[in-house]
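Chemist: need coordinates for the following:
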Amino acid sequence: QDKYEPIDDSFDASEVLSNERLLMSYTKCLLNQGPCTAELKKIKDKIPEALETHCAKCTDKQKQMAKQLAQGIKKTHPELWDEFITFYDPQGKYQTSFKDFLES
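Modeler: Reported below is the predicted structural model:
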C-alpha cells in the first residue's frame with residue numbers, strides 16, 4: 001500500500017500547539033477560513049481520505065503527529081475540536097474509529 005508523501009521534517013506539532021498564533025493560522029487553513037501554506041494544503045487535502053481509511057496510507061511519523069495535534073487541540077481548544085468534527089465528519093461516520101485511533 002502506498003504511503004502519503006512524507007511531511008516536511010521541520011514541521012513540529014509541539015511548536016504548533018504551544019504557539020497560539022500559529023495554531024490559529026493552521027486551524028483557519030484546515031477549516032477553509034484562511035490561507036494555507038503549500039505544505040499545509042497537502043495535509044488538508046488528505047484529511048478526508050485519512051479519516052475514511054483509518055490513516056492507512058499515513059507513515060508512522062504522520063500517525064504520531066496526527067495524534068499529538070488532535071489530542072492537544074481537543075484538550076486545550078475543545079471548541080476548535082468541535083469545529084473540526086463538524087467540518088470533516090458532519091455525519092459522524094468516523095467518530096468511533098477516530099477515537100480508537102487516538103487511544104491506540
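
Chemist: can you tell me the helix or strand for the residue nearest to the spatial centre of the chain?
Modeler: For the chain, the residue nearest the mean C-alpha position is A66 (5.2 Å; Cα atoms, centre = their mean). Using DSSP states H and E, A66 sits within helix 60-76.

Chemist: that helix: which residues count as buried?
Modeler: Under the neighbour-count criterion of 16 or more other Cβ atoms under 10 Å, helix 60-76 has 62, 65-67, 69-70, 72-73 buried. C-beta here means a position set from N, CA and C on the backbone, and glycine is covered the same way.

Chemist: closest one of those residues to D100?
Modeler: Using Cβ to Cβ, K67 comes nearest to D100 of those, at 11.5 Å.

Chemist: I figured the closest one hits E103, correct?
Modeler: No: under the criterion of Cβ atoms under 8 Å, K67 is not in contact with E103, lying 9.1 Å apart.

Chemist: show me where the protein has strands.
Modeler: Listed in chain order, the chain contains no strands at all (DSSP state E).

Chemist: please pull out the lowest mean pLDDT helix or strand from it.
Modeler: Across the helices and strands of the chain, mean confidence by mean pLDDT, DSSP states H and E is lowest for helix 95-103: a mean of 84.

Chemist: name the helices or strands packed onto that helix?
Modeler: helix 60-76 (3 or more Cβ pairs under 8 Å, 6 or more residues apart in numbering; DSSP states H and E).

Chemist: now do the helix it packs on, average pLDDT.
Modeler: Averaged across helix 60-76, pLDDT comes to 91.

Chemist: ok, now stretch 38-48?
Modeler: Computed over stretch 38-48, the average pLDDT equals 89.
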